[in-house]
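K.L.:
Predicted model and sequence follow; I will ask about them next.
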Amino acid sequence: MIKEQDLEQIVREVIRSMGGVGQNQAPAPAAAPAPAPTARPGGLDPRRDYPLATKRPDLVKTPQGRSLADLTLDKVMAGAINADDLKITPEVLEYQARIAEAVGRPQLARNMRRAAELTRIPDQRILEIYNALRPYRSTRSELLAIADELETQYGAKRCAAFVREACEVHGRRSRLKEG
């Protein structure tokens with residue numbers, strides 16, 4: 001069981017990292033956003049829009065559609081905010097990917113897009129897949145079945161390709177489970 005003071009400290013740190021606000025404060029309202037430039041991928045300008053939580057909080061929503069201003073310590077303590085309200089959405093991860101591309105970080109953009117796909121997969125299944133990807137934990141056929149599941153059941157094509165690549169690398173390095 002987590003102590004109330006520990007929870008309060010965690011929430012403060014999360015809120016502060018999202019926008020530098022205090023314990024019970026919501027992020028300050030952003031100035032009206034300027035029109036999105038057309039020269040940047042996805043219409044986001046890293047100099048103007050990053051970090052999203054402070055410069056474009058209008059783009060950051062929870063899976064239930066709550067804004068950052070809705071996420072306060074008082075609401076957490078009252079039970080009005082739960083863990084699902086603190087999860088990132090595929091849309092926000094896509095915005096982050098666009099910003100990463102705009103500053104010349106294509107690998108980070110690919111990682112953000114894989115993370116966006118993972119938001120559609122139950123947490124428990126992600127942990128199972130993570131463990132299956134560890135050396136000597138899975139056979140080639142088990143990993144390929146996971147890749148097929150990711151692609152067909154969850155539409156996670158990037159993650160499926162990643163698992164197939166991991167399977168290939170494990171095979172080359174003799175890190176697959178016998179059987």
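P.N.:
Noted; the coordinates are in hand. What you are looking at is a predicted structure, and each value in this text was computed from that prediction instead of being measured.

K.L.:
tally of neighbours for residue 114?
P.N.:
Neighbourhood size, residue 114 [other CB atoms under 10 Å]: 18. Using the backbone N, CA and C atoms, a C-beta is placed for each residue, glycine as well.

K.L.:
In contact with it, which residues?
P.N.:
By CB atoms under 8 Å, 6 or more residues apart in numbering, the contact set of residue 114 is 156, 158-159, 162.

K.L.:
What's the first helix or strand after the helix or strand bottoming out on mean pLDDT in the chain?
P.N.:
Lowest on mean pLDDT, DSSP states H and E among the helices and strands of the chain sits helix 4-19, with a mean of 62. For helix 4-19, the succeeding helix or strand toward the C-terminus, using DSSP states H and E, is helix 46-49.

K.L.:
Average pLDDT for that next one, rounded please.
P.N.:
What helix 46-49 shows for mean pLDDT is 93.

K.L.:
Quick one: list the elements packing against it.
P.N.:
Helix 46-49 is packed against helix 90-102, with contacts defined by 3 or more CB pairs under 8 Å, 6 or more residues apart in numbering; DSSP states H and E.

K.L.:
Quick one: residues in contact with the helix it packs on.
P.N.:
40-46, 49-50, 52, 56, 59-61, 106, 108-110, 112-113, 115-117, 119-120.

K.L.:
By neighbours, which of the contacts of residue 114 wins?
P.N.:
residue 159 leads these on contacts (other CB under 10 Å) with 24 neighbours.

K.L.:
Going by neighbour count, list what's buried in the helix or strand harbouring that one.
P.N.:
Taking DSSP H and E as the definition, residue 159 sits inside helix 157-172. Under the neighbour-count criterion of 16 or more other CB atoms under 10 Å, helix 157-172 has 158-160, 162-164, 166-167, 170 buried.
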